[in-house]
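Student: Generate coordinates for the sequence data below:
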Amino acid sequence: MISFVVPAYNEERLLSATLSSIHTAAREVGHPYEVIVVDDASTDRTAAVALAGGARVVPVQFRHIARTRNAGARAAVGSTLVFVDADTLVSPAVLRTTLRALEAGAAGGGATVEFGGPLPRWARGMLPILRIVMRAGRLAAGCYVFCSRDAFEAAGGFDEQLYAAEEIAFSRALGRHGRVVILRETVATSGRKLRSHSGWEVVGLLTGLVRQGTDVVRSRERLSMWYGERRDDSEQG
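Tutor: Below you'll find the model as predicted:
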């Protein structure tokens, strides 16, 4: 069975489309599956949207993405785990290739990421470089991460000392236990963070990572891009 784990915090606007894409992809591929939405302290209708969208809801009060992902994995019953962000659309093609990679012996991996909506110039310039780095480093983007249950357990799950970049640490941990594959097939995720944060903010975060290493992502307070109040995004899709 495939277990789709969808971490969500106040995602009533985009969650329905994500769940619909998962159901469509899984039914077309023809494998038994389940969908788990881990509702992490939402104050909107996330849980109701998840239930209406055919998901099982696991409520938590963490505001911590690594712990939220791990909670979903613990609740899941499948031998294949696919972590999908609540603003990300999954296609039958990417799911089919995911299963082929695991059947061929991969421990796990990720997909090529496309961002929806208009993007600022700094993001358009940065993304091709980032894709090359992620593929060369065999690092999965957090919006779509897959692995076998055995590999997840061997890697120790997502590092709960980290409040961000947990998917990077997880990719490296997976690589110590097997082959990590970054698929050429794409998932489409929202570009809202790229639209609502400036290039200077992103540069500041990257500079902090260079200077202070993982200390920067071990504190929720220093990661407003993920844990601050969500900013308005003029793109509604």
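Student: Which stretches in this protein count as strands?
Tutor: Applying DSSP state E to the chain gives strands spanning 2-8, 33-40, 56-60, 80-84, 88-89, 106-116, 144-148, 179-190.
Student: The fifth one pairs with which strands, and in what direction?
Tutor: Each strand pairing with strand 88-89, determined using DSSP bridges, is listed with its direction: strand 179-190 (antiparallel).
Student: just the CA coordinates of the strand it pairs with, formatted as CSV?
Tutor: What follows is strand 179-190 as a C-alpha-only set of coordinates in CSV (Å, rounded to 0.1, in the frame of the first residue of the first chain):
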residue,chain,number,x,y,z
ARG,A,179,20.2,4.8,-3.6
VAL,A,180,18.4,8.2,-3.7
VAL,A,181,16.7,9.1,-7.0
ILE,A,182,15.6,12.6,-8.1
LEU,A,183,13.0,12.0,-10.8
ARG,A,184,12.9,14.0,-14.0
GLU,A,185,9.1,13.9,-13.8
THR,A,186,7.7,17.0,-12.1
VAL,A,187,5.3,18.0,-9.4
ALA,A,188,3.7,21.4,-9.4
THR,A,189,3.9,23.4,-6.2
SER,A,190,2.7,26.8,-5.2
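Student: buried sites along that strand?
Tutor: V180, V181, I182, L183, V187, A188, T189, S190 (16 or more other CB atoms under 10 Å). From N, CA and C alone the C-beta is placed, and that goes for glycine too.
Student: Pull the residues that contact it.
Tutor: If you take CB atoms under 8 Å, 6 or more residues apart in numbering as the criterion, strand 179-190 is touched by 14, 84-85, 87-91, 93-94, 97-98, 101, 105-117, 134-135, 138-141, 143-144, 171, 174, 233, 237.
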